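S.K.: 3D, please:
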Amino acid sequence: MTPARLLCLVYAVILLGAAAINYIPGLTDEQGLAFGIFALDPFDDALHLVSALWALFAGLRSQRAAQVFLILFGAAYLGDGVAGLLTGWGYLDFGIFINDSLGPDFGWLRIAANLPHIGLGAVALVAGLVSVRK
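M.R.: Model (predicted):
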């Protein structure tokens, strides 16, 4: 199994974990914030679940499928995280389209809320691009 395919399988596990956050006691506070930082709704859970299934399929299918997943997923999630820093909303859950911009904010809370998408997106995008070059 190639590193790109293995990384897809790791992403499948991570994304399944993200989809499960709201359903594990103790991970959300009284206001419904996961880790006291961000809220996940059923649409977010579905998005994470579909992404996890895509990652699983890509990791099991082929090197090319893994590369496509890593590049497309990486670009989408990285962009969503950057949009969150700049506007307070992401585009994957359509928040940027239905809410007024909160403006850029590089405070710790906004960074913490968007870091999962920025980090996962950046790692996936770089890994996908590097795997294409080999």
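S.K.: find the centremost residue of the chain, please.
M.R.: Centroid check for the chain by CA atoms, centre = their mean gives His117 as the closest residue, at 4.2 Å.
S.K.: I figured that one hits Ala75, correct?
M.R.: No: counting by CB atoms under 8 Å, His117 does not reach Ala75; the two are 11.3 Å apart. No exception for glycine: its C-beta is placed from N, CA and C like everyone else's.
S.K.: how far away is Ser62 from Tyr77?
M.R.: Noted for Ser62: a distance of 22 Å to Tyr77, by CB to CB, to the nearest Å.
S.K.: more neighbours, the two?
M.R.: A count of neighbours by other CB atoms under 10 Å puts Tyr77 above the other of Ser62 and Tyr77, at 25 against 13.
S.K.: which non-adjacent residue is nearest that one?
M.R.: Leaving aside its sequence neighbours, Tyr77 sits nearest to Gly121 (CB to CB, 6 or more residues apart in numbering; 3.3 Å).
S.K.: burial measure for the one you found, as a count.
M.R.: Neighbour count of Gly121, defined by other CB under 10 Å: 22.
S.K.: what secondary structure does it sit in?
M.R.: State at Gly121, reduced to three classes by DSSP: H, G, I helix; E, B strand; the rest coil: helix.
S.K.: go on, the one 4 residues further on?
M.R.: Leu125 falls in the helix class when you classify it by three-state DSSP.
S.K.: excluding its backbone neighbours, what's nearest it?
M.R.: Gly74 (2.9 Å).
S.K.: so that neighbour makes contact with Ala127?
M.R.: Yes: here Gly74 reaches Ala127: they are 7.5 Å apart, a contact under CB under 8 Å.
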